[in-house]
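**Student:** when you get a sec, could you give me coordinates for this:
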Amino acid sequence: MRKIIGIILLLIIAWGIFTSLQNIHFGENKSKVGKYYNAKGRKQTGASNIVTSVVVQYRSFDTLGEVTVLFLAAIGLGAVLATFQNKNKAKVEEASLILSTGCRFLFPLILIFGAYIFIHGHLSPGGGFQGGAVIASAFLLAYLGCHGKRVSESGSTLAESLSGLTFLILGLVGLAVGGHFFLSNFLPKGQLNNLFSAGIIPIIYIAIGFKVGSELTIIIDHLMEETR
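**Tutor:** Residues are numbered from 1 along each chain as shown. Below you'll find the model as predicted:
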């Protein structure tokens, strides 16, 4: 009986996919949204990277939701690990000479590279999420290579809270000044393709970069603590 029901469900799904494909006309671009972004995105936002304009301004609520999901994931993981006691913790082996030496040299370089990514997010491919993930990878390397080193939990929490608060304040100021949450770019846009341009977009990306980097670092810290 289960096999028959499974076959019927597969047939229904296959029929739905087939009918959906019949209504799609490949090669025809009927969306006016993409054309609008390409035509007016740079002028309205001042960002040369049109993806940045979409993510941080036109679809800023999506970005706010993504940051919120990551924040809830960090809280949820901390709550789960707080109630879970690993009685059979494995012994942590010392890092090799290559890994410990590479940790000392690469750690500051990775932090600089991550900061570069989200600072230049309005000019080139990249942004807050990518830069924050790179920064978190530096702390992961520190955990693996620099034995005994731990990030300050209070410092990570403070950075995460301040960056998230900055993100929300920028949206609220835009709502008060221009009547739109995040869509009101109330700072001077400057000259296109310059570092100091695009109004509030670089500030938003810096806030997102610190927030994502801090949250991922907190997650790494919780997971590494369980193995000690």
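**Student:** check this protein and tell me which residue is nearest its centre.
**Tutor:** Taking C-alpha atoms, centre = their mean, the centroid of the chain lies closest to Phe129, which sits 2.5 Å from it.
**Student:** quick check: that one touching Ile208?
**Tutor:** Yes - look at Phe129 against Ile208 with C-beta atoms under 8 Å: they come within range, at 6.7 Å. C-beta: built from backbone N, CA, C; applies to glycine.
**Student:** Leu11 and Ile17, how far apart?
**Tutor:** Using C-beta to C-beta, to the nearest Å, Leu11 is found at 11 Å from Ile17.
**Student:** still on that earlier bit, tell me who's in contact with the residue nearest to the centre of the chain.
**Tutor:** Glu66, Ile208, Gly209, Val212 (C-beta atoms under 8 Å, 6 or more residues apart in numbering).
**Student:** same question for Phe182.
**Tutor:** Val56, Gln57, Ser60, Phe61, Leu64, Leu170, Gly171, Gly174, Ile204.
**Student:** could you look up the SS state of it?
**Tutor:** Secondary structure, DSSP: H, G, I helix; E, B strand; the rest coil: Phe182 is coil.
**Student:** ok, back up a step: so which of the contacts of Phe129 belong to helices?
**Tutor:** Residues of the contacts of Phe129 located in helices (DSSP state H): Glu66, Ile208, Gly209, Val212.
**Student:** count of neighbours near the first one?
**Tutor:** What that stands for is Glu66. Using other C-beta atoms under 10 Å, Glu66 has 15 other residues around it.
**Student:** before we move on, what about Ile7?
**Tutor:** So Ile7, with other C-beta under 10 Å, has 10 neighbours.
**Student:** dihedrals phi and psi, Ala47?
**Tutor:** Dihedral angles of Ala47 (phi, psi; degrees, to the nearest 10) stand at phi -100, psi 130.
**Student:** if I look at it, how far off is Ile75?
**Tutor:** For Ala47, the distance to Ile75 - C-beta to C-beta - is 32 Å.
**Student:** more neighbours: which of these two?
**Tutor:** Legend: neighbour count by other C-beta under 10 Å for Ala47 and Ile75, higher for Ala47 (28 against 12).
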